[in-house]
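*Asks:* Below are the sequence and a predicted model; questions follow.
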Amino acid sequence: MREVSGAGSNDIRMVPDRPLGRDRCWTGRAHAASVTVVIDLEAIRAAAVRIGPHLHRTPLLAARSLGERAGVTLALKAESLQKTGSFKPRGALNIVLSLPPERRHKGLVTVSAGNHAQAVAWAARIVGVPCTVVMPAGAPQSKIAAVKGYGATIVLHEDRATLFDRLREEEARTGAFFVHPFDDPVGLAGAGTTGLEILEDCPHADAVVVAIGGGGLMAGVASAVKAIRPACRVIGVELEAGPGMKPALAAGKPVPVTRPKTLADGLTPPFVGALPLEIARTCVDEIVTITEDEIVEAMRSLMLYAKLYVEGSGAAATAALLAGKVKLPAASQVVSIVSGGNVDPETALAAIAAHGAPAGAA
Ligand SMILES: Cc1ncc(COP(=O)(O)O)c(C=O)c1O
């Protein structure tokens, strides 16, 4: 079993049973004076074959008017239309299907603000094992209801900072396999299939913009993109009021971060993953931050112009583009990952109504 140092008092278990290596798809490659860590492209391709039959091939939608506002040629990778309403089942299912049956027969356990919870509960149902999910008490009702709907047991926990401690208790109690939300290389390979699909559908992409919570989506996508098209920029997006990857990069390790109350609940884990951090070091070209207002404006614009119903985290990448946070040459071909659409309608509509239309916008 490999243990890596996480944040605070938590030691995050990344990969059970075996040390990381090519067979578990994390390759450490000597690169000039430093070491480049990526998820191996072959592992991402293998993940695509493994999970493909269970998932939607989500569309890459041209977004002309939003692109004009951002000063680029824009396409949206609509993971809000993925099974369970976010990109999360890509990683969760890849982990679960890669486990030998004897590792999963006592069930699965995880910790999540909602989307990963839904994904693991959904994956558990596919392989027919029980599932327990530790969720923050303030998680959106629609996400809690969806997790219940997939048949999982929910443990609500008040204090976000100690969510992972609560998870450990459940893991010890049940003997279930912990499906990590963002720090397992097999999960990252699954998330990386999003990047594969983006470059299959848009082989000349100049930039991919991706939200960062724990960093799993970014790490998988960046690994795929940099392996296939090194010139394509990968731009990460974090919350201005509570970034995680920027302080981790500065500290050289994941550090506990205080997150704001936000519509982008998927971007608020207590720390980023150790493996995503390693990958971000060399595969992410730039990290920009966005405000709550910019998130709401992107939710509104995605609904109005792209006809996409999107949650705060799902709108984050597009928010950075619309707010002019990403500087790219005019006419660059840019893909924004719309990573999820699970938000209570009352919450989304109230936020959009309170925000109103920006001056000059429709
Ligand atoms: C919709 C959505 N987008 C982005 C993220 C961030 O993903 P990651 O934690 O892999 O960085 C999440 C995480 O839950 C999410 O639910």
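*Replies:* Happy to help now that I have it.

*Asks:* is it true that residue 227 touches residue 41?
*Replies:* Yes. Applying C-beta atoms under 8 Å, one finds residue 227 in contact with residue 41, separated by 4.1 Å. From N, CA and C alone the C-beta is placed, and that goes for glycine too.

*Asks:* Excluding chain neighbours, what is closest to the residue nearest to the spatial centre of the chain?
*Replies:* Nearest to the mean C-alpha position of the chain, counting by C-alpha atoms, centre = their mean, stands residue 217 at 3.8 Å. Leaving aside its chain neighbours, residue 217 sits nearest to residue 191 (4.9 Å; criterion: C-beta to C-beta, 6 or more residues apart in numbering).

*Asks:* ok but the one you found is inside a helix, no?
*Replies:* Yes. Counting by DSSP: H, G, I helix; E, B strand; the rest coil, residue 191 is found in a helix.

*Asks:* from memory it sits against residue 222, does it?
*Replies:* No. Between residue 191 and residue 222 there is no contact under C-beta under 8 Å: 10.0 Å.

*Asks:* For the stretch 1-150 of the chain, just list every one of the strands.
*Replies:* Using DSSP state E, counting those that start in this stretch, the strands of the stretch 1-150 of the chain run over residues 2-5, 11-15, 26-31, 34-39, 60-62, 73-78, 108-111, 131-136.

*Asks:* hey, least reliable of those by pLDDT?
*Replies:* Set side by side, those give their lowest mean pLDDT on strand 11-15, at a mean of 28.

*Asks:* List, one by one, the residues from the protein near the ligand.
*Replies:* 86, 115-116, 182, 211-218, 266-267, 311, 313-314, 339-340 (C-beta under 6 Å from any ligand atom).

*Asks:* Buried ones among those residues?
*Replies:* Taking 16 or more other C-beta atoms under 10 Å as the criterion, what is buried in those is 86, 115-116, 182, 211-218, 266-267, 311, 313-314, 339-340.

*Asks:* Start and end of stretch 128-146, how far apart?
*Replies:* 17 Å (C-alpha to C-alpha, to the nearest Å).

*Asks:* starting at the chain centroid, how far to it?
*Replies:* The chain centre lies 17 Å from the centre of stretch 128-146; the measure is C-alpha atoms, centre = their mean, to the nearest Å.

*Asks:* what's the answer for stretch 196-203, then?
*Replies:* With C-alpha atoms, centre = their mean, you get 18 Å for stretch 196-203.

*Asks:* If I follow the layout properly, residue 324 ends up in contact with residue 72?
*Replies:* No. Using C-beta under 8 Å, residue 324 is not in contact with residue 72, being 10.8 Å away.

*Asks:* between those two, who's got more neighbours?
*Replies:* Neighbours per residue (other C-beta atoms under 10 Å) separate residue 324 from residue 72, with residue 72 holding more: 24 against 12.

*Asks:* Next up, the contacts around the more buried one.
*Replies:* 207, 321, 328, 330-334 (C-beta atoms under 8 Å, 6 or more residues apart in numbering).

*Asks:* switch the cut-off to 7 Å
*Replies:* 321, 328, 331-332, 334 (C-beta atoms under 7 Å, 6 or more residues apart in numbering).

*Asks:* Which ones among those map onto helices?
*Replies:* residue 321 (DSSP state H).

*Asks:* Next, format the contacts of residue 72 as CSV and append pLDDT and neighbour count.
*Replies:* Listed next are those as CSV, based on pLDDT from 0 to 100; neighbours: other C-beta atoms under 10 Å:
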residue, pLDDT, neighbour count
321, 98, 28
328, 96, 18
331, 88, 11
332, 98, 18
334, 98, 27
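
*Asks:* right, and out of the contacts of residue 72, which lies closest to residue 137?
*Replies:* Distance to residue 137, by C-beta to C-beta, is smallest for residue 321 among the contacts of residue 72, at 33.1 Å.

*Asks:* Could you tell me the model confidence score at the residue in the stretch 51-200 of the chain that the ligand sits nearest to?
*Replies:* Minimum separation of the stretch 51-200 of the chain from the ligand (C-beta to the nearest ligand atom) falls at residue 115, amounting to 3.5 Å. Residue 115 carries a pLDDT value of 94.

*Asks:* The one 4 residues further on too?
*Replies:* In the predicted model, residue 119 carries a pLDDT score of 97.

*Asks:* quick one, what contacts it?
*Replies:* With contact taken as C-beta under 7 Å, 6+ apart, residue 119 is in contact with 84, 88-89, 92.

*Asks:* Check the secondary structure at residue 223 for me.
*Replies:* Secondary structure, three-state DSSP: residue 223 is helix.

*Asks:* Would you confirm that the residue nearest to the centre of the chain contacts residue 339?
*Replies:* Yes. Contact criterion C-beta atoms under 7 Å: residue 217 and residue 339 qualify, at 6.2 Å.

*Asks:* shared neighbours, the two?
*Replies:* With C-beta under 7 Å, 6+ apart as the test, residue 217 and residue 339 both reach 87, 211.

*Asks:* pLDDT-wise, which helix or strand of the chain ranks last?
*Replies:* strand 11-15 (a mean of 28; mean pLDDT, DSSP states H and E).
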